[in-house]
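>>> Sequence first, predicted model second:
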Amino acid sequence: MNPIEVAAVAYMNRSDEADKLIRLRDALTRLSINAELRDNNTALMVNPPSGRGMPVWVFVGYGGQYYSWNSAGRRHPVSDLEGAAKAIAAYICR
C-alpha cells in the first residue's frame with residue numbers, strides 16, 4: 001500500500017472505533033450512566049453515578065472486537081452492546 005492508502009485505512013479503523021464508542025455512550029446514557037468521548041474519540045470516560053470515585057476509561061481493543069476497561073483487565077464483545085453497557089455500569093457502580 002502507498003502512504004495515502006495506509007492513512008485512509010487507519011482513518012477508517014479509527015472512525016469505526018469512534019462509532020462503537022458513541023453507541024456505547026448512548027447505551028450507558030439509557031442506563032443513567034454519564035459517559036463522554038475523550039482523546040479525539042478514541043476513549044470513553046465513564047463517570048461514577050455517585051460522583052465519588054475515579055472514572056473508568058473504556059477503549060475499543062483487540063482488533064476492534066472488544067470494549068476494554070480496567071487497564072484491559074475487563075472486556076466485553078462489541079457485538080453485545082447492551083451487555084457491554086450493563087457490565088460497565090455494574091463495574092462502575094460497585
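Cool, got the structure. Numbers count the residues shown, from 1 in each chain.
>>> only C-alpha atoms for contact and neighbour calcs from this point on.
Noted.
>>> what residues are up against residue 26?
Applying C-alpha atoms under 8 Å, 6 or more residues apart in numbering, we find residue 26 in contact with no residue.
>>> top strand in the protein by residue count?
Longest strand in the chain, counting residues (DSSP state E): strand 56-61.
>>> what's it packed up against?
helix 3-30, strand 43-46, strand 66-69 (3 or more C-alpha pairs under 8 Å, 6 or more residues apart in numbering; DSSP states H and E).
>>> let's see it at 10 Å
Applying 3 or more C-alpha pairs under 10 Å, 6 or more residues apart in numbering; DSSP states H and E, one finds that strand 56-61 makes contact with helix 3-30, strand 35-38, strand 43-46, strand 66-69, strand 74-77, helix 81-92.
>>> relative orientation of the last one and strand 56-61 in degrees?
Interaxial angle of helix 81-92 relative to strand 56-61 (axes from the mean of the first three to the mean of the last three C-alpha atoms, to 10 degrees): 140 degrees.
>>> thinking again about what came up before, which stretch in the helices and strands packed on strand 56-61 is the model least sure about?
Mean pLDDT is lowest for helix 3-30 out of the helices and strands packed on strand 56-61, coming in at a mean of 77.
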